[in-house]
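K.L.:
sequence and predicted structure below; questions after.
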Amino acid sequence: MQEVVGAVSLGSIYLMFALGLSAAWGTIGILNFAHGSIFMFSVFVSHQALQVTDIPIVGLALIAVVVGALLSFLTQALAFDQIIKRSANEHAAETRILIGGIGVAMIPLAIAAHVTKNSPFGLQSAATGIEVWQLGGVRISSVQVATIVCALTIAAALGVWLRRSRQGLALRSLGVDTEVASLMGIDRRRLAWGTMAFAGGLAGLAGILLTLNLGAITAESGDSLLIKAFACVVLGGVGSTLGVVTGCFMLAFAETWVLTQTGGLWVEAVSFGLIFAVLLLRPQGIFGREEVRRV
Amino acid sequence: MTGFYDTNLVLIQGTLVAVLLALSVQVPLRFGIFSLAGVGSYGIGAYLSANLVLRYEMASVPTIVLTGLVTAIVGLVLGLVIYRLGGLYLAMATIAFDLMVAVVALNGGEWTGGPVGLFGIFSDLTMGIMVAVVAMCVVAIHLTERGKLARRITAVREDIELASSVGTNVRAYRLAAFVVSGFIGGVAGSLNTLTRYAVGLQDVSFHLVIVALTMIIVGGALSWRGAVIGAVLFTWLPEVLAFVGDWQELVYGVIVALAGIFLPTGLYGLWGRARRRITSRRDKSSTVGTTKSSSDQAGHHSKTAAHPSPDRKVAPR
């Protein structure tokens, strides 16, 4: 039972991180390889802010969200927009966006690794306010509750917004056919900026909650999370909000199960194995439609 | 000269290994396959060679050859498995392959030495053998960049439908890319183990993916010359730019990002473009347009047209 609580809160962290990644990928077609780095750097800035003054947890989360959104927006405006402008077709742009993202990702990582001298950093003085409740033999902390509530609310809100709102429709139409959508008068650039800022903000929030859950993260933490998030998105199906939710919780439960069965060392292999298995058996994912855009 | 050679031996060996590592990712790219599996082959090759030397006391040449053959087969199997995937999915599947190699290396017990790695891997590898091995690989790849074969590869990369319509077996070409990539990656890993006398988790880390990509993106992805430029640049840059020091990773990040955005064909492509511009300007400025120079010009252009870059600039709308 304790494991279930752990798995659900882990899945919720994955969900917040992966939602942004999947939203950008499924709509504006951008797989942002700097997403993990942005996630880490938001926590890093909050950590630095905490060194200077005492800020309550909500303030720290706000800082992380703003930093994440800003970095993600800048990545889009300064790197990805330029690449798209200079690419002959979508396929060429796809590869170059991946490479550009890897380059961009190295920059915050190098800064954080240099300042922290590669040692883990956390939000210690803020973490003292965390309460732990005992519910019939199961321990659950206020951070875990906040994580689960935040993740599920945001996922539901995003899902509904994408389905019901005009802008959601516009975004989804970009995912189906960029060119036709542009002809219909949809401003791709502005929507892309908004989507990326939203994704970055979510990554920042996920960063704060994960750090409070774990105690500390390192400069490299974002990279492994990125691969896991990719596994979740592929598992559920690109472009499906329900798919991301399912994918994230399936991965979290699978990892928790492997952890209890084997001890830590093989856990990392779960996500890589899942990526492989899904791509081979059902490339469109559990909830994915048949690929509209041919590669 | 010998003084320079002796003091920089490690860097020279490092450059040779880097050339092969970069080529193992570049070859599939030239076939239009964004596969990073070469890095995984490098890891397998590094550990396999260590075991061959430590356990079976094999000499360096058979170790390198056997390692290359095994990783070529691994490449073939991987290629058969993920053949259907394309674009980002394929890239991510191969990254997953690389990371799985890393997890196996960590959990491999006495075969991999776990987190510590394996040490004391002494063999009879000489600089002569190393140079010969690298030269053979480079020459073999150079031959695929000439004539009919080069044009077929370009067709497979640029337009699969066109390539199959003129009778090219696209599937065979794509599988060949995986095999070659596996072979070269394995040989690179083997050479690295035999020159460093040790193998560890740093030989299977995600960082290597970034290193290999950096070299190719900055050097240029469409010719082996790009891989060589990138390998030389990024092996020697830290030495030359001592002041970069602690901020090396940051500088690399900026370079990769800028190259990714502004230099789709890398430094080698830039050079090619500059050369073309100079020749065309010279032709324009010559008042007497002799038949010879204009036919040269035409020949030159048709040759370059056979190698269009995948990311030709389009005028912004």
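P.N.:
Yes, it's here.
K.L.:
tell me where chain A has strands.
P.N.:
A:121-122, A:132-135, A:138-141, A:216-217 (DSSP state E).
K.L.:
B:Thr112 against B:Val103, yeah?
P.N.:
No. B:Thr112 is beyond contact range of B:Val103, at 10.6 Å (criterion: C-beta atoms under 8 Å). Quick note: C-beta positions are derived from backbone N, CA and C, even for glycine.
K.L.:
pLDDT weak spots in the stretch 101-250 of chain B?
P.N.:
The stretch 101-250 of chain B contains residues with pLDDT under 70 at B:242-245.
K.L.:
picking up where we left off before, neighbour count for B:Thr112 and B:Val103, which is higher?
P.N.:
B:Thr112 (23 against 18; other C-beta atoms under 10 Å in any protein chain shown).
K.L.:
now that one: closest residue in space, sequence neighbours ignored.
P.N.:
B:Ala105 (4.7 Å; C-beta to C-beta, 6 or more residues apart in numbering or on different chains).
K.L.:
how about B:Ile141?
P.N.:
With C-beta to C-beta, 6+ apart, the residue lying closest to B:Ile141 is B:Trp224, at 4.8 Å.
K.L.:
so what's the residue count around the one you found?
P.N.:
Per other C-beta under 10 Å, the neighbour tally for B:Trp224 reads 24.
K.L.:
from chain A, how far off is it?
P.N.:
Distance of B:Trp224 to chain A, given as C-beta to the nearest C-beta, to the nearest Å: 19 Å.
K.L.:
roughly how far out does stretch A:31-47 sit from the chain middle?
P.N.:
9 Å (C-alpha atoms, centre = their mean, to the nearest Å).
K.L.:
those residues of the stretch 151-295 of chain A touching chain B, which are they?
P.N.:
A:223, A:227, A:230-231, A:234, A:265-266, A:268-269, A:271-273, A:275-276, A:279-280, A:283, A:295 (C-beta under 8 Å from any C-beta of the partner chain).
K.L.:
now the residue lying farthest from the centre of chain A. Its backbone dihedrals?
P.N.:
The C-alpha centroid of chain A is most remote from A:Gly136, which lies 32.7 Å away (C-alpha atoms, centre = their mean). Dihedral pair for A:Gly136: phi 50, psi 50, per degrees, to the nearest 10.
K.L.:
tally of neighbours for residue 131?
P.N.:
Let's take chain A. Neighbour tally, A:Glu131, other C-beta under 10 Å: 9.
K.L.:
correction: the question concerned chain B.
P.N.:
Count around B:Val131 with other C-beta under 10 Å applied: 13.
K.L.:
and for it, nearest residue in space, chain neighbours not counted?
P.N.:
B:Leu16 (7.0 Å).
K.L.:
now the one you found: how far from chain A?
P.N.:
B:Leu16 sits 25 Å away from chain A, going by C-beta to the nearest C-beta.
K.L.:
which of the three states applies to that residue?
P.N.:
helix (DSSP: H, G, I helix; E, B strand; the rest coil).
K.L.:
ok, it - contacts?
P.N.:
Going by C-beta atoms under 8 Å, 6 or more residues apart in numbering or on different chains, B:Leu16 touches B:Met130, B:Val131, B:Val134, B:Leu191.
K.L.:
confidence score at it?
P.N.:
For B:Leu16, the model assigns a pLDDT of 94.
K.L.:
and for A:Pro56?
P.N.:
With respect to pLDDT, A:Pro56 scores 85.
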